[in-house]
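Chemist: Next input, structure requested:
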Amino acid sequence: MHCAIFFAFKTLAIVVNLRMTDLDLKLGFFKGNLYRETKETQTHSFSLAKLLLFSRISCRGGLQMPDLHLHTHYSDGEYSPAEIVAAASQKGLALIAITDHDTIGGVPEAIAAGKSCGVKVISGIEFSVDLSNGKGNGKAKHLLGYSFEPEHPFIAQKAQWSRDQRVVRNQKIAERLRAHGMIITRDELLQFAKKELIGRPHFAQLMVAKGYVQDAAEAFDRYLGKGQPCYVDRERLPAEKAITAIREAGGYPVWAHPMHNETDTAKVAAEVADLKSMGLAGLEVYYPEHDPQQTAFLLELCLKHQLFATAGSDYHSDKMKGHLKIEMGRGWNNQPLPNHLELPFA
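Modeler: Below is the predicted model of the structure:
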């Protein structure tokens, strides 16, 4: 069954104040996204005409449960692409993307597995990019690419370049660890990385296994975290080059978790405007670390810049991520990710 409810209002803005108490639902509409916020007490003002003019709720014969930010052991995830797809199927997810860091190695396996169990898998990648000149000057961001041609040379070239920079960085990290009395070799790291893409989490796991630290948290707090003695930054793709590569390959570039470790909304708004001018197509709005206020703010930016909103858990494994327990298909406060998203590739 396919049904759609369209809303259209005259240009006269109607400002409505909503007062919400225990367990009240606020329904917010943006270009096909239905999101719900639960809060004890909250007052909101918004232009009803402006929001609903572009709004739509679509029903396509059932819930379209998405998770567009998943990692496998091809980068820093714990499970294989086939295992991720199987878990997605068990959780009732209908649309997923494998978004490993700087590699599409797991995409073919995931797509094949999805066909066998009724889960739609689109091609994905997560590039580490720099908003300025790619020299790692503090403006490092993550850029997701969706629904591109996996064999396109632009994607392969940019992914290989990014992996090469990781190799250079890893060699420098190993040298610094050695200076602190910790011997780490590439062969040892590959026992934890499973595939050839090695990241700092793999260093931390090996440091724990060799008894250099008690746990991964200590590895990052004392050695590997930003500002610590063994931290090494790396050269990243300029954001514009990554966006261009994704576009040239027929895909859609999306800024991942824009509010991650960020509270300055003016800064985020300016960065969204910059990225939009480079060809950005969407924002990852629904995310475990985005609270209801941040989610609403990002939806406003989507409306302002004509971007689409996506949803992703950033699932890597069943282990805790700091104070958060990340689960596939879940977002803020462990609530299900929204099941109605108007996406160009859905």
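
Chemist: now the helices for the chain?
Modeler: 48-53, 81-90, 107-117, 153-179, 186-193, 200-209, 216-219, 239-248, 265-278, 292-305 (DSSP state H).

Chemist: So what does Ile104 look like in phi/psi?
Modeler: phi -120, psi 20 (degrees, to the nearest 10).

Chemist: Do I have it right that it meets Ala159?
Modeler: Yes: using C-beta atoms under 8 Å, Ile104 is in contact with Ala159, at 6.4 Å. The C-beta positions use only the backbone N, C-alpha and C, and glycine is treated the same way.

Chemist: contacts for stretch 76-85?
Modeler: 70-74, 87, 96, 98, 100-101, 106-107, 109-110, 113-114, 117, 119, 121, 197, 199, 201-202, 315-319, 328 (C-beta atoms under 8 Å, 6 or more residues apart in numbering).

Chemist: wait, what's in contact with the one residue sitting closest to the centre of the chain?
Modeler: The centre of the chain sits closest to Ala256, judged by C-alpha atoms, centre = their mean, with a distance of 4.1 Å. Taking C-beta under 8 Å, 6+ apart, we find Ala256 in contact with 69, 99, 126, 141-144, 284, 312, 314.

Chemist: could you dump the residues you listed to JSON lines with neighbour count?
Modeler: Output for the contacts of Ala256, formatted as JSON lines (neighbours: other C-beta atoms under 10 Å):
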{"residue": "His69", "neighbour count": "28"}
{"residue": "Thr99", "neighbour count": "31"}
{"residue": "Glu126", "neighbour count": "24"}
{"residue": "Lys141", "neighbour count": "19"}
{"residue": "His142", "neighbour count": "20"}
{"residue": "Leu143", "neighbour count": "23"}
{"residue": "Leu144", "neighbour count": "27"}
{"residue": "Glu284", "neighbour count": "24"}
{"residue": "Gly312", "neighbour count": "28"}
{"residue": "Asp314", "neighbour count": "24"}
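
Chemist: Just the ones in strands from those residues, please.
Modeler: 69, 126, 141-144, 284 (DSSP state E).

Chemist: Give me the lowest-pLDDT entry from these.
Modeler: For the ones in strands among the contacts of Ala256, the minimum pLDDT belongs to Lys141; the value there is 93.

Chemist: Would you check that it makes contact with Ser132?
Modeler: No: using C-beta under 8 Å as the test, Lys141 is too far from Ser132 to be in contact (10.5 Å).

Chemist: what's the overlap in contacts for Ile104 and Ala159?
Modeler: Jointly contacting Ile104 and Ala159 under the rule C-beta under 8 Å, 6+ apart are Ile125.

Chemist: Kindly report the domain assignment for the protein.
Modeler: 2-59, 63-334 (automatic domain parsing).

Chemist: and the residue lying closest to Val129 once chain neighbours are set aside, how many neighbours does it have?
Modeler: Once flanking residues are discounted, Val129 sits nearest to Ala239: 4.2 Å by C-beta to C-beta, 6 or more residues apart in numbering. Ala239 sits with 26 neighbouring residues when counted by other C-beta atoms under 10 Å.
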